[in-house]
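K.L.:
Sequence first, then the predicted structure:
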Amino acid sequence: MNAILWFIAAASVLWILAFLRAGTATWAITIGLYLVALTQWSGAGGSTKAALWTAFLIVAALLMVRQLRRALISDPLLNWFRKALPQVSQTEQEALDAGTVWWDGELFSGQPDWNKLFGTPKPRLTPDEQAFLDGPVEEVCRLCNEWEISHELNDLPPHVWQFVKDRGFMGMIIPRQYGGLGFSAYAHSQVVQKLATRSATACVSVMVPNSLGPAELLLHYGTPEQKNYYLPRLAQGLETPCFALTGPEAGSDAGSIPDFGIVCKGLHDGREVLGIRVTWEKRYITLGPVATLLGLAFKLYDPEKLLGKELDIGITLALIPTKHPGVNIGRRHLPMNASFMNGPNWGRDVFIPLDWVIGGREFAGQGWRMLMECLAAGRSISLPSSSAGAAKLALLTTSAYSRVRSQFKVPIGKFEGIEEVLARMAGNTYAIDAARTMTAGAVDLGEKPSVISAIVKYHCTERSRQVINDAMDVHGGKGICLGPNNYLGGAYQQIPIGITVEGANILTRSMMIFGQGAIRCHPYLLKEIAATRNPDSEQAGSQFDAAFWQHVRFVACNAARSLWHGITAARLINVPGALELRSYIRQISRLCASFAFASDITMLLLGGDLKRREKLSARLGDILSQLYIVSTVLKRYEDDGRPTADLPLIKWAIEDCLTRIQDAFYGVFLNFPSRILGFILRVSIFPWGKSFRAPRDYLGHQIARLLLEISPTRERLTSNVFILRHEEDPVGRLELAMQLASAGDAAEAKMRSAVKAGVIDGMTEPERIASAIEKRIITTAEAVQFQRFSALRRACIMVDDFPHDIGRSQAARESASITALAAPSQKTAA
Ligand SMILES: Cc1cc2nc3c(=O)[nH]c(=O)nc-3n(C[C@H](O)[C@H](O)[C@H](O)COP(=O)(O)OP(=O)(O)OC[C@H]3O[C@@H](n4cnc5c(N)ncnc54)[C@H](O)[C@@H]3O)c2cc1C
């Protein structure tokens, strides 16, 4: 008994020291005191005490005497670490080095500082930006008819192209000094989001020039001449840009592009100049078919050493006017019937002057680094914003349709089955919008959040896919039959585009989020890796020694915190924030510690092999991602001024994230390469078994209620959706019908009861209305309201029909050709 008590005391002391992340001296003094007490008062035998003292003194000397520690532990470990580290290619290294760490670093620290998050300013629009949204953006939306665009013109109408160019849409990210709008990331996001609620074609056409492409690259790396010439032209829409990286052989593995340029002398404008002979074949290039300026990525070689000493200079980016001889561009792909311009381009031995390299000679070979450094900002905005727009429109229309469409004499939104779907749609939309807003805000604070941009790209597009699928299910046949009155079918068809572009989602989840995040966001790993690369062995040794022992304390602390907070259900964590959400914030803090602990154990066990263990990496990435998303949900609630009416929605979104985190953790435990370690992880993270459950039905019920009426919550959730409030417009008509639904339903209910009671009669609706007025069941005003609602409802539930030979004429269109994808040599020959 005595021995057990001393053992428990020892374990508790160690646990507390780990929990408090005590320094080496504190460990030594505390354990020393424990041993003094043990020597004095325990009944342990003399030999046991001697053994314990000897072990303690050896370990203490090893850890506290720096020279001993370095020679016997840290330096050998550094050597081992050098060999164990996987070979990282230059392109991988540049991807890892790019961007900044922000809230993702806090999550990885195991102890996120919530005050820091809640204290970051709420993203806001300037009066100019708001005026742009209320003016030109509304106007573009009004000018766009997506059916006409996608089924008749297969392009934006010329006047819409002109309008967006003239009003500066193509230069939102270009500073005012160059004639651009100089918008914040948040304003840019709001514009993209609103356009996405009206026309995917307009949205993508505007989104791409403002994302990673010529303008962004010129801003960061362009020579003064390049900036002064191109930026004003891009801002005014005098140039239409595209950027070509992807080709048939290099999709996700974009660093492996086979396109090449050879440094040589050649004739340009009648003069011999130093330049590059470029051969390339690209595909999927958005705006390519109408571009006037082609941003091109290729590998540069200098066999004659005209630029210096190196043969293989590296990936290089150039700007080539598309009318330049030898540039083949203009053919189109048809991506899921979307009508934004997208197509291939190619060229063979096309000579361009060296001045066309973005940034000039100095930046030749720096292309991959340039792309990686600029990727984060665009990826943080484009797809999260367009996904938010698509989700908001789907939610707005689905909630209205659920209110307006009745079956079994009940609005379908009141059926529990539909309630469940509506709640999921609303929760996902809330999370998408919270994530895109907070991330755009981070970009405005100067961050280039590389890991976060991958998280929001992946999760906003995936959640949006779920929202649109759900919307289709609720709409039934109404969503399926295409035509001018279908506001969902286009979004449904085009979901895979968002999933694929800017880093295809499976790759993003499996390789990038945790693969990159673990190294970038970990507080010590990068320092340890840097030490392995330091050629000065003395410096490397002390760098590694410092980082490694802090790392050890970090792991011990997270292990102790994880177990303690698991046992106490995180009740003792002190957190700020709204009282009504503090229990959740505590759980999230607990899960951060658990995540940091599980990450370290996984990396310790697998080392470089983790790169190949994509399923494990993906699950850890899911945990990090949900921790980020749930943080954005909390931040959104704070930024909105804690509206209590939204609480069911927020709770749903948080509980959904928590269960996703739990599922991902269990996926890690069950599939952990060491079963015993998997078990230890499970017990230390979830000592009482699973702690979280999926959002309960009552929350779904409350959310559905909020959506089936015109409520402030519904308005906040679907803010910035373009609605043409006119009954000729399919979305505007639904909103009008929804506004009249309560009054219409009330009158209908009175008439239905009267029919049942035999008070009124009539075979048709007009007859029953006339009878109801006559018998004073409803007033004339109520009858008028009901008739208006009934007419709108019918218009809302109707779908388009066409002549029986619709589509036949399409077959006569120019037949598709695969020759465009033949090798450049064949194309040139052709
Ligand atoms: C409509 C559209 C517009 C585009 N616009 C442009 C543009 O303007 N400019 C431009 O340069 N590019 C553009 N792209 C390219 C795009 O950004 C993607 O990079 C590209 O489509 C991915 O290559 P891929 O389609 O050949 O897929 P692949 O690379 O063949 O990938 C196929 C599948 O394998 C998965 N995968 C690949 N590697 C891994 C891995 N290691 N682990 C797990 N899964 C993996 C992917 O996730 C994907 O699911 C566009 C693409 C489309 C479809």
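P.N.:
Ah, there it is.
K.L.:
Mind checking what helix or strand follows the longest helix along the chain in sequence?
P.N.:
In the chain, assigned by DSSP state H, the helix with the most residues is helix 367-404. For helix 367-404, the following helix or strand on the C-terminal side (DSSP states H and E) is strand 406-407.
K.L.:
Now the longest helix of the chain: buried residues?
P.N.:
367-404 (16 or more other C-beta atoms under 10 Å). (C-beta placed from N, C-alpha, C; glycine too.)
K.L.:
next helix or strand past the helix or strand hosting residue 430?
P.N.:
Per DSSP H and E: residue 430 is located in helix 416-444. Of the helices and strands lying after helix 416-444 in sequence (DSSP H and E), the nearest is helix 450-475.
K.L.:
Can you spell out which helices and strands pack onto that following helix?
P.N.:
helix 103-108, helix 367-404, helix 416-444, helix 477-480, helix 489-500, helix 505-507, helix 514-521, helix 614-639 (3 or more C-beta pairs under 8 Å, 6 or more residues apart in numbering; DSSP states H and E).
K.L.:
hmm, 7 Å instead?
P.N.:
helix 367-404, helix 416-444, helix 489-500, helix 505-507, helix 514-521, helix 614-639 (3 or more C-beta pairs under 7 Å, 6 or more residues apart in numbering; DSSP states H and E).
K.L.:
Can you say which of these is nearest to residue 147?
P.N.:
helix 489-500 (8.5 Å; C-beta to C-beta).
K.L.:
that older thread, what is the mean pLDDT for the longest helix of the chain?
P.N.:
For helix 367-404, mean pLDDT rounds to 95.
K.L.:
how far is it from where the chain is centred?
P.N.:
Remark: helix 367-404 is offset 8 Å from the chain centroid, using C-alpha atoms, centre = their mean, to the nearest Å.
K.L.:
Not counting sequence-adjacent ones, nearest residue to the one residue in the stretch 601-750 of the chain that gets nearest to the ligand?
P.N.:
Residue of the stretch 601-750 of the chain nearest the ligand, by C-beta to the nearest ligand atom: residue 614 (5.6 Å). Among residues not flanking residue 614 along the chain, residue 510 sits closest, at 3.8 Å (C-beta to C-beta, 6 or more residues apart in numbering).
K.L.:
circling back: closest to residue 453 out of the helices and strands packed on helix 450-475?
P.N.:
helix 367-404 (4.0 Å).
K.L.:
so that closest one versus helix 450-475, what angle?
P.N.:
Between the axes of helix 367-404 and helix 450-475, defined by axes from the mean of the first three to the mean of the last three C-alpha atoms, to 10 degrees, the angle is 30 degrees.
K.L.:
Can you check what angle separates helix 367-404 from helix 489-500?
P.N.:
Using the same axes, to 10 degrees: helix 367-404 against helix 489-500 is 150 degrees.
K.L.:
Next, the angle from helix 367-404 to helix 416-444.
P.N.:
Going by the same axes, to 10 degrees, helix 367-404 makes 150 degrees with helix 416-444.
K.L.:
rewinding a little: neighbours around the residue nearest to residue 614, how many?
P.N.:
18 (other C-beta atoms under 10 Å).
K.L.:
pretty sure it is touching residue 612, no?
P.N.:
No: in this structure residue 510 lies outside contact range of residue 612 using C-beta atoms under 7 Å: 10.4 Å.
K.L.:
how about low-confidence regions in the chain?
P.N.:
1, 809-830 (pLDDT under 70).
K.L.:
List, one by one, the residues from it near the ligand.
P.N.:
By the criterion of C-beta under 6 Å from any ligand atom, the positions of the chain lying close to the ligand are 242-246, 251-252, 284-286, 335, 342, 497, 500-502, 504, 506-507, 510-511, 614.
K.L.:
so what strands line up beside the lengthiest strand in the chain?
P.N.:
Longest strand of the chain, by residue count under DSSP state E: strand 271-286. For strand 271-286, the paired strands and their directions (DSSP bridges) read strand 260-268 (antiparallel), strand 342-353 (antiparallel).
K.L.:
If you count neighbours, what's buried in it?
P.N.:
Buried residues in strand 271-286 (16+ other C-beta under 10 Å): 275, 276, 277, 278, 279, 280, 281, 282, 283, 284, 285, 286.
K.L.:
residues in contact with the spatially most central residue of the chain?
P.N.:
For the chain, the residue nearest the mean C-alpha position is residue 456 (1.4 Å; C-alpha atoms, centre = their mean). With contact taken as C-beta atoms under 7 Å, 6 or more residues apart in numbering, residue 456 is in contact with 380, 384, 435, 436, 439.
K.L.:
and if we set it to 8 Å?
P.N.:
379, 380, 383, 384, 435, 436, 439, 628 (C-beta atoms under 8 Å, 6 or more residues apart in numbering).
K.L.:
Please apply the same query to residue 197.
P.N.:
Contacts of residue 197 by C-beta under 8 Å, 6+ apart are 141, 389, 390, 392, 393, 720, 721, 722.
K.L.:
which one of these sits closest to residue 778?
P.N.:
residue 721 (33.7 Å).
K.L.:
Quick check: the closest residue to the closest one other than its chain neighbours vs the ligand, distance?
P.N.:
Nearest residue to residue 721, sequence neighbours excluded (C-beta to C-beta, 6+ apart): residue 197, at 4.4 Å. Distance, residue 197 to the ligand, using C-beta to the nearest ligand atom, to the nearest Å: 20 Å.
K.L.:
do the same with residue 76
P.N.:
Residue 76 is 34 Å from the ligand, by C-beta to the nearest ligand atom.
K.L.:
Count the residues that sit near that residue.
P.N.:
Other residues close to residue 76 by other C-beta under 10 Å number 11.
K.L.:
A helix includes residue 242, no?
P.N.:
No: applying DSSP: H, G, I helix; E, B strand; the rest coil, one finds residue 242 to be strand, outside a helix.
K.L.:
dump the residue contacts of it.
P.N.:
Per C-beta under 8 Å, 6+ apart, neighbours of residue 242: 208, 213, 285, 286, 287, 288, 291, 293, 294, 295.
K.L.:
Residue of the stretch 251-400 of the chain nearest the ligand, please.
P.N.:
residue 251 (2.2 Å).
K.L.:
Which of the residues in stretch 475-493 are classified as buried?
P.N.:
475, 478-479, 481-482, 485-493.
K.L.:
For it, report the contacting residues that lie outside it.
P.N.:
So stretch 475-493 is in contact with 145-148, 150, 200, 336-338, 390, 393-394, 397-398, 401, 405, 468-469, 471-473, 730-731, 797-802, going by C-beta under 8 Å, 6+ apart.
K.L.:
Please list only the buried members of those residues.
P.N.:
145-147, 150, 200, 338, 390, 393-394, 397-398, 401, 405, 468, 471-472, 730-731, 797.
K.L.:
Looks like residue 186 contacts residue 125 (just checking).
P.N.:
Yes: counting by C-beta atoms under 8 Å, residue 125 is a contact partner of residue 186 at 6.8 Å.
K.L.:
who's more crowded, these two?
P.N.:
residue 186 (24 against 16).
K.L.:
out of everything not next to it in sequence, what's closest to the more buried one?
P.N.:
That would be residue 123: by C-beta to C-beta, 6+ apart, it lies 3.9 Å from residue 186.
K.L.:
measure that neighbour to residue 637 for me?
P.N.:
As defined by C-beta to C-beta, to the nearest Å, residue 123 lies at a distance of 15 Å from residue 637.
K.L.:
Give me the distance from the longest strand of the chain to the chain's centre.
P.N.:
32 Å.
K.L.:
With stretch 133-143 instead?
P.N.:
Computed by C-alpha atoms, centre = their mean, the chain-centroid distance of stretch 133-143 equals 26 Å.
K.L.:
Wait, a helix at residue 684?
P.N.:
Yes: the assignment for residue 684, made by three-state DSSP, places it in a helix.
K.L.:
can you count the residues close to the residue lying closest to it once chain neighbours are set aside?
P.N.:
Excluding the flanking residues, the one nearest residue 684 by C-beta to C-beta, 6+ apart is residue 563, at 4.6 Å. For residue 563, the neighbour count with other C-beta under 10 Å is 20.
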